[in-house]
Each structure stands twice: as C-alpha cells, then as structure tokens.
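Undergrad: coords please:
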Amino acid sequence: MNTHVNITFLGGAKTVTGSKYLIEAFDTSILIDCGLFQGLKDLRLLNWQALPINVAAIQTILLTHGHLDHVGYLPRLIKQGFKGTIIGTAPTLAIAEIILKDSAKINEEEAKKANKEHYSKHQPALPFYTQKELEQIVAKFEVQTQDKWIVLNNHISYRFNYNGHIIGSTFIELDIEGKRFVFSGDIGRTNDYLLNDPKRPDSADYLFVESTYGDKLHPKEDIEAKLAAIIKQTINDRGNLIIPSFAVERLQTLMFILFKLYQKNQIPNIPIFVDSPMGNNVLEVFNKFPKWHKLSAADYDAMCKHINIITSYADTWKTIDDPRSKIIIAGSGMVTGGRVLTYLQQLIDHDTTTILLVGYQAEGTRGRLLKEGTHEVKFYGKYYPVKAKVKHIDSLSAHADQSGLLDWLGAIKNTPKAIYLIHGEATAQQAFHIKLKDKYGWDSYCPALNEVIKIKL
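TA: Residues are numbered from 1 along each chain as shown. Next comes the predicted model:
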C-alpha cells in the first residue's frame, strides 16, 4: 500500500488569496478550502483556468470558513467534474452560500453592464459562474459539528476546531495513519468584540499555518476613540464617512462598535446606513447561531434598530442624495466590487468625503491603491480623481498578528516534522520564518503555487 501523502498547493501559496490545498493519501483525495484569487490581475486570471489536477477524483472538500478567498472557486468545479461532498460547520456553510450567491449576482450584473457599455475586452463578457452551477455546488454541502473526530475511512479522520476570525471559522486537524496534519485556516484574535478566543492545537506533525500578518504587530490604538474622532470631523466637514467593509464579521463588528459609541454618548446620533445585502444576510446567521459568538440577543436587537439597513438599490441612491452628514458602511472591504463602488463613484471626488479602510488590503485591489495614496481610481472603465480623505484603522483586522500567530502555535507540545507557511505575501512569510526559528527553533518552508510535496509516513 502507498504510504505517501501528496500535498499540492493550488492557492494561498506566497499570496493571501485563493486558498486550496489538495491532500492525496490511501486512494483518498481531499481538498482543504477552495478559494478565489483576488487582487493582482495575474492572480485573478488564474481563476479562469481549470485546476491542474483530476477534480473528478476529489471525494471530499473540507472548508475552514466561508470567506470568498476560501470558498469562491467552488462553483467552477462543476464543469471540471466534481461529484464529491463539501463539509463545514453549519455557520460556515451558511456564510459560504450567502457569499457565493452574492458573488454570482455581482458577476452577472458586471458582465451585463460590461456588455451594455462595451468596456470589457471580452466579447461577450461572461459571469464567472452561473446560478445553476451555484445551486449544484450548494446541494453538495454537508454540515459537521466542531470538536468531534469524524472518520472518513480506515486511514483518515478529521476534526473542526473553533479559531475565531469569522463566525463558523475553524482550523482543521487531519489524522492520516496516526500522523497529525494541521491546517490553520485564518486564525482569529483574542479579546475580539464578537467572537470567543481561538482554540489552539496541542500537537502537529505537519503544520500548514497562515502568515497574513507574519511581519506585523497590530497597532495598540484606541479604536473607539479614533473612530469617534473621525466621525466628529466628518460632521464638522458636513460630509460623508464611507467605510468599505467585509460583509462577514467586520460589518457586524463596526455596527456593534458604532452602536456602543452612541450608547456611551461618545458620538452624536449621526445617521448610520449599512448597505450590504450580503452583510444583512450574515446578520441573520448571527441570529441563528448564538453559541458561535458573544453578542447578546438584547444587544443584537437594539443594534439593528439603531442602524438603517438598506435593502434595495433604490435606497442606495436615496442615501447618496440625502444631504445630511452620515456614515455609510458598504461592501466590499477591499473596494473590489459591491455597493461601495456606487457611493465612491459619486462621492470620492468630494473633499468633504472621508474613506475609512478597516481591513487587510491585498495587492492589486482598489483598497490597497487608496491606502497607498493613489490620486485616481478606476470604476467601470472610467477614472475618478481621489479628493476624499483616506484614513485607515489597522487594528480591526480579523487576523492574528505575528504575536498572535506565535501564541497560537505555543500550545503545540511536540516539534513538528515540517511547517509550511501559507496565506501570506513573501515579505510576511520571510519575517515569520525567521521569527519561528528564533522563538521555537522550528524551520519552515514557503511552498510555491502548484508545488507538490510528497510526505512519507
């Protein structure tokens, strides 16, 4: 019998997007995550390529969590012959379905707009996947609980473990013939506003760990004071505060912080609009799975009543035309698509507008360009001058920083046989590699895209 495990790094290799890791052992083919590449054009073009593997042979896909860079490629598997099962926690699959449906809608709308206005090089422009493919992939979803070993076959078992980051998020342990393979997923932070502290693995023979902030410590800033100051300045400017936000977790965290600031009289009763159909659906996931977060039912209800939740595109335009100073939270977090583009298209050239970036901005995204001080941004084939003030709060990130990553690894009692740094840009990975060696004496390796590693058991 073959006693090797083959690992193929199909994404999330020297980049923070497109996470996909294929494990082949004992005639079993498992995919950990199936994410979309985002950011740089060279990466985004990879999404249109078929995976360089036998997709039809994949029996099981295990999802760490529901973010697009971990689930967004799933519907593309249908044309490639996938017939297996997709397994995650109940909140993860709920989030994944919301995100995939939203992505399908945005892709179809943008393809239609591009064909109508003729700004795409592709004739015709096609959506990334169809509603039918989405429905076929969601039909393969299967819920599994956390903290429980599940037997796949005589040689392989797996377990989901709570790790913060977003609702439903987990790290995954695979037991392959007695050897422990640990996939970190995206590790959350301790003392989070909404989520409990991440659990930590106590052993790992082969470790696959994210390194998004492997070279950084989150700034020790007073988030609430900084946010309150920005809001008061927006009111003084008689302008608008636009916060591009990730629909999952970040949006709900911002709602909670703003609600608490108002409750504590630290900000006036400025109108707050949340314009994210996906974010609204995620709010329902919080309501449905109260054991997965810290938000009380009373705070949830009061927060939702305090904030104006937009449900139609017509109300988007009413909000833009509203002459009052206001706060607008809209997707997407990296300004790559979604409703926030409509607001920025109309308001980014006003010097009374403030744009507040509150999360990681990947290379090649509009959010990254804005953070780095670009003088113009392109929306729908046209350039717009950036006259708005651009600010950022980095400490709202849902990812553990370098210190948090090291702490998460600190519960491992043995010395891993191999550590692979994934889900990080090259500079972050190199810094984290050095830090791991200094702190624990552990060597690590940064695999390349599509690299195959053979592990002998």
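
Undergrad: So which residues of the stretch 201-350 of the chain form helices?
TA: In the stretch 201-350 of the chain, the segments counted as helices under DSSP state H, counting those that start in this stretch are 223-236, 250-263, 277-288, 297-306, 313-321, 340-347.

Undergrad: tell me the average confidence for the first one?
TA: In this model, helix 223-236 has an average pLDDT of 96.

Undergrad: Output it as PDB - backbone C-alpha positions only.
TA: What follows is helix 223-236, C-alpha atoms only, in PDB (Å, rounded to 0.1, in the frame of the first residue of the first chain):
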ATOM      1  CA  ILE A 223     -10.200  52.000  18.100                       C
ATOM      2  CA  GLU A 224     -13.300  53.600  19.600                       C
ATOM      3  CA  ALA A 225     -11.500  57.000  20.300                       C
ATOM      4  CA  LYS A 226     -10.100  57.000  16.700                       C
ATOM      5  CA  LEU A 227     -13.400  56.200  15.200                       C
ATOM      6  CA  ALA A 228     -15.200  58.800  17.300                       C
ATOM      7  CA  ALA A 229     -12.700  61.500  16.200                       C
ATOM      8  CA  ILE A 230     -13.200  60.600  12.500                       C
ATOM      9  CA  ILE A 231     -17.000  60.800  12.900                       C
ATOM     10  CA  LYS A 232     -16.900  64.200  14.600                       C
ATOM     11  CA  GLN A 233     -14.600  65.500  11.900                       C
ATOM     12  CA  THR A 234     -17.000  64.200   9.200                       C
ATOM     13  CA  ILE A 235     -19.800  66.100  10.900                       C
ATOM     14  CA  ASN A 236     -17.700  69.300  11.100                       C
END
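
Undergrad: still on that earlier bit, can you say which of the helices of the stretch 201-350 of the chain is nearest to Ile393?
TA: Across the helices of the stretch 201-350 of the chain, Ile393 has its closest neighbour in helix 223-236 (6.0 Å, CB to CB). Where you see a C-beta, it was placed from the backbone N, CA and C, and this is true even at glycine.

Undergrad: hey, where'd the strands end up in the stretch 301-450 of the chain?
TA: 308-309, 326-330, 354-357, 376-379, 382-385, 389-392, 418-422 (DSSP state E, counting those that start in this stretch).

Undergrad: list the helices and strands the last one packs on?
TA: Contacts defined by 3 or more CB pairs under 8 Å, 6 or more residues apart in numbering; DSSP states H and E place strand 418-422 against strand 4-11, strand 206-210, helix 426-440.

Undergrad: distance between that strand and the chain's centre?
TA: Centroid displacement of strand 418-422 relative to its chain, using CA atoms, centre = their mean, to the nearest Å, is 20 Å.

Undergrad: what does that strand rub up against?
TA: Residues from elsewhere that reach strand 418-422 (CB atoms under 8 Å, 6 or more residues apart in numbering): 7, 9, 12-13, 19, 21, 205-211, 214, 429, 432-433, 436, 442-447, 453, 455.

Undergrad: Low-confidence regions, this structure specifically.
TA: Residue ranges of the chain with pLDDT under 70: 1-2, 118-120.

Undergrad: count of residues packed around Gln270?
TA: Rather than Gln, residue 270 is Ile. 16 (other CB atoms under 10 Å).

Undergrad: ok so, going back, which stretch among the helices and strands packed on strand 418-422 comes nearest Leu369?
TA: When the helices and strands packed on strand 418-422 are ranked by proximity to Leu369, the top entry is helix 426-440, at 18.4 Å, counting by CB to CB.

Undergrad: Which residues belonging to that closest one are considered buried?
TA: Ala428, Gln429, Gln430, Ala431, Phe432, His433, Lys435, Leu436, Tyr440 (16 or more other CB atoms under 10 Å).

Undergrad: returning to what we had before: list buried members of the contacts of strand 418-422 by neighbour count.
TA: Buried among these (16+ other CB under 10 Å): 7, 9, 12-13, 19, 21, 205-211, 214, 429, 432-433, 436, 442, 444, 446-447, 455.

Undergrad: Could you chop this protein up by domain?
TA: With automatic domain parsing as the criterion, the domains of the chain are listed as 4-216+398-456, 223-396.

Undergrad: burial measure for Ala90, as a count.
TA: Look at Ala90: counted by other CB under 10 Å, it has 17 neighbours.

Undergrad: quick one, phi/psi of the closest residue to it other than its chain neighbours?
TA: Closest residue to Ala90 apart from its sequence neighbours, by CB to CB, 6 or more residues apart in numbering: Val143 at 4.7 Å. Backbone torsions of Val143, given as degrees, to the nearest 10, read phi -80, psi 140.

Undergrad: List the contacts of the residue nearest the centre of the chain.
TA: Nearest to the mean C-alpha position of the chain, by CA atoms, centre = their mean, lies His67 at 3.9 Å. Neighbour list for His67: Gly35, Ile95, Ile99, Ile166, Asp186, Phe246, Val248 [criterion: CB under 8 Å, 6+ apart].

Undergrad: hang on, the earlier thing: okay, the strands of the stretch 301-450 of the chain in JSON lines with distance to Arg200 next?
TA: Putting these into JSON lines (distance: least, CB to CB, whole Å) gives the following:
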{"stretch": "strand 308-309", "distance to Arg200": "36"}
{"stretch": "strand 326-330", "distance to Arg200": "32"}
{"stretch": "strand 354-357", "distance to Arg200": "30"}
{"stretch": "strand 376-379", "distance to Arg200": "40"}
{"stretch": "strand 382-385", "distance to Arg200": "45"}
{"stretch": "strand 389-392", "distance to Arg200": "29"}
{"stretch": "strand 418-422", "distance to Arg200": "15"}
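
Undergrad: any idea which of these is most buried?
TA: Neighbour counts (mean count of other CB atoms under 10 Å) averaged over each of the strands of the stretch 301-450 of the chain peak at strand 326-330, with a mean of 25.

Undergrad: Looking at the contacts of His67, spot the one nearest Gln136.
TA: Checking the contacts of His67 one by one against Gln136 (CB to CB), the nearest turns out to be Ile99, at 16.5 Å.

Undergrad: tell me the SS of that closest one?
TA: Look at Ile99: counting by DSSP: H, G, I helix; E, B strand; the rest coil, its state is helix.

Undergrad: I'd guessed it sits against His65; true?
TA: No. Applying CB atoms under 8 Å as the test, Ile99 and His65 come out as separate, 10.2 Å apart.

Undergrad: higher neighbour count, these two?
TA: Using other CB under 10 Å as the criterion, Ile99 and His65 rank with His65 on top: 29 against 23.
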